[in-house]
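In: Pasted the sequence and its predicted model underneath.
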Amino acid sequence: MNKNLRKSNFEILRIIAMLMIVVHHITIHCFKVQLEDKSLYALGESFNQICFFKKLLLPQLFMATGKIGNIIFILITGYFLIDRKINITKQIKKIISQLVFVVPIVVVGSILYYRFHSRNFLGIINFDIFNFDYWFIGYYLGIIAIAYVFLNKYLNRLDKNEYLVFLAIMFSVISIAFLRNAISGISPNLLSLITGIFIYSLGGFIRLYNPFNNLRTIILFLAIFLSILGICINNYTNTVVNINEAIRNNAQGMYQSLNSYGEYSIFCLLIGVALFEIFRRIKMNNISFINYISSSTFMIYLIHDNAFVRNIWLEKNWIDICYYSFGKFIVWYLVWVCIIFASGILIYTLYCLLLKIMKFKALLKIIFNTINKESNRKYLNEGTST
């Protein structure tokens, strides 16, 4: 992306989106596992009571934040790339180079943690994570590649009404159960890709036609509030159903559970689009510090979304902390978010320094080669004249 286009309001939104993704990953890979998977951890017993726990509403909200973060990233991508010629080589180079840099760090880190912390540690990993982990990379590159090959050209040929029809069809495909299940039956990844194409196209539509221009900002905040309320109500009704079933069966307790959400969820889409539009309206100058942190968000994703970090998280009993000290539970979330962000920014800084060194060496090589050529040419000229 052109640095001149790096507006700090969007960069702050990227940072918030990554924060939401980290919080989601802690919840889905640790809290939810310990709460629901009794065969492995048996840590959720504190909550195994026939009642509704308000304390579980926050983790339930965190179950949706990662999907909201993904939506925001793709909206921003569609917004800035819809009317531009995409440099697909640059995109691939940027992503793969960071992946190549971070994989050895994660692998070696897991081995060192295993050897010097605990021989019972289950998070030791190998270089196969390059090919088999990090689903978002393939998801993102797939959307960019489709936009590069034909999507941008197709969308830019449509007038406003035709574009709206396209969005309506795509929204129907990902929202209506029969169509969504038919696609998911072929491949869940295909459903994710089609959802990503819809979100990218929606970001492009906002850029080209500014459809929310007359919508007051208070309405956007109301949409966020009502969507959060809807997520909480979903959790409540799901728990009530479980309570009624436990009572009918004369059970002594029941397993609590958290609902899962996808990018196609109406609540996630509403929150993602509303947040995007709110930040789009903020007028800010470029703030280099914010832009730099935003540039490191992909590295932050790479450094934490792997089995090594997840198994470190799983060493903590998140369930008892939440049950006995909700304030401490929130603090531990904040601590881990800070650790992940600090680690990602540090590793991104090392990555940037390495690139500068490599570029400097390449520049020196070009300079020395040029000097040698000039010296040889001058020597030959002097020899000829003699």
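Out: Nice, thanks for sending it over.

In: Which helix or which strand is home to residue 351?
Out: Here residue 351, judged by DSSP states H and E, is contained in helix 326-385.

In: again, but for residue 319
Out: Using DSSP H and E, residue 319 maps to helix 318-324.

In: Tell me how many other residues surround the nearest residue to residue 121 once chain neighbours are set aside.
Out: Nearest-residue entry for residue 121: residue 114, 4.7 Å, with adjacent residues in sequence omitted and distances by C-beta to C-beta, 6 or more residues apart in numbering. The C-beta positions use only the backbone N, C-alpha and C, and glycine is treated the same way. Residues contacting residue 114 under the criterion other C-beta atoms under 10 Å number 18.

In: thinking residue 114 is in contact with residue 125, fair?
Out: No - look at residue 114 against residue 125 with C-beta atoms under 8 Å: they stay out of range, at 9.7 Å.

In: what's the residue nearest to the spatial centre of the chain in contact with, if anything?
Out: Geometric centre of the chain, nearest residue: residue 70, 4.6 Å, by C-alpha atoms, centre = their mean. When contacts are counted by C-beta atoms under 8 Å, 6 or more residues apart in numbering, residue 70 touches 17, 21, 136, 139, 263.

In: could you point out which element follows the host helix or strand of it?
Out: Per DSSP H and E, residue 70 falls inside helix 57-81. Going down the chain from helix 57-81, the next helix or strand is helix 88-116, by DSSP H and E.

In: Identify each buried residue in that next one, please.
Out: Using 16 or more other C-beta atoms under 10 Å as the test for burial, helix 88-116 gives 91, 95, 98-99, 101-103, 106-107, 109-110, 113-114.

In: and that helix, how far from the chain's centre?
Out: Taking the mean of its C-alpha atoms, helix 88-116 sits 17 Å from the chain's own mean (C-alpha atoms, centre = their mean, to the nearest Å).

In: can you check stretch 113-125 too?
Out: Distance of stretch 113-125 from the chain centroid (C-alpha atoms, centre = their mean) equals 27 Å.

In: Repeat that for stretch 159-179.
Out: On C-alpha atoms, centre = their mean, the centre of stretch 159-179 falls 24 Å from that of its chain.

In: low pLDDT regions in this protein?
Out: In the predicted model of the chain, residues 1-6, 38-44, 360-361, 363-386 satisfy pLDDT under 70.

In: Repeat the analysis, applying 80 as the threshold.
Out: Counting by pLDDT under 80, the chain shows low-confidence ranges at 1-6, 37-45, 118-120, 253, 359-386.

In: could you pull out the helices for the stretch 201-350 of the chain?
Out: 217-248, 266-280, 288-295, 297-304, 307-313, 318-324, 326-385 (DSSP state H, counting those that start in this stretch).

In: Would you format those as a markdown table with mean neighbour count and distance to residue 151 included?
Out: Shown next, in a markdown table, are the helices of the stretch 201-350 of the chain (neighbours: other C-beta atoms under 10 Å; distance: least, C-beta to C-beta, whole Å):
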| stretch | mean neighbour count | distance to residue 151 |
| --- | --- | --- |
| helix 217-248 | 15 | 27 |
| helix 266-280 | 21 | 19 |
| helix 288-295 | 16 | 25 |
| helix 297-304 | 24 | 22 |
| helix 307-313 | 20 | 34 |
| helix 318-324 | 19 | 41 |
| helix 326-385 | 12 | 30 |
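
In: Quick one: those as TSV, columns for distance to residue 11 too.
Out: Below are the helices of the stretch 201-350 of the chain laid out as TSV (distance: least, C-beta to C-beta, whole Å):
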stretch	distance to residue 11
helix 217-248	20
helix 266-280	10
helix 288-295	4
helix 297-304	9
helix 307-313	24
helix 318-324	31
helix 326-385	14
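
In: right, so of the ones you listed, which gets closest to residue 178?
Out: In terms of C-beta to C-beta, the element of the helices of the stretch 201-350 of the chain nearest to residue 178 is helix 266-280, at 16.5 Å.

In: So residue 98 sits against residue 299, correct?
Out: Yes - with contact defined as C-beta under 8 Å, residue 98 reaches residue 299; the gap is 5.7 Å.

In: joint contacts of the two?
Out: Common neighbours of residue 98 and residue 299 (criterion: C-beta under 8 Å, 6+ apart): 348, 351.

In: For residue 260, see how far away residue 105 is.
Out: As judged by C-beta to C-beta, to the nearest Å, residue 105 and residue 260 stand 30 Å apart.

In: Mark which of the contacts of residue 70 are part of helices, please.
Out: The members of those that map onto helices under DSSP state H are 17, 21, 136, 139.

In: give the contact list for residue 240.
Out: The contact partners of residue 240, by C-beta under 8 Å, 6+ apart, come to residue 52.

In: er, residue 110 I mean
Out: 121, 123-125, 307-308.

In: give me that answer again for 10 Å
Out: Contacts for residue 110 (C-beta atoms under 10 Å, 6 or more residues apart in numbering) come out as 121, 123-126, 129, 306-309, 311-312.

In: if we can go back for a sec, of the contacts of residue 70, which pair is most distant in space?
Out: Farthest apart among those by C-beta to C-beta are 17 and 139. That separation is 14.4 Å.

In: Next, show the common contact partners of residue 114 and residue 125.
Out: 308, 311.

In: From the chain's centre, how far out is the helix holding residue 70? Work that out for me.
Out: Centre-to-centre, helix 57-81 and its host chain are 7 Å apart (C-alpha atoms, centre = their mean).

In: Stretch 120-136 too?
Out: Relative to the chain's own centre, stretch 120-136 is displaced by 18 Å; criterion: C-alpha atoms, centre = their mean.

In: Span of that stretch from start to end?
Out: 30 Å (C-alpha to C-alpha, to the nearest Å).

In: which residues are contacting it?
Out: 21, 66, 69-70, 73, 95-96, 99-100, 102-104, 106-107, 109-115, 140, 189, 192, 196, 298, 301-302, 305-315.
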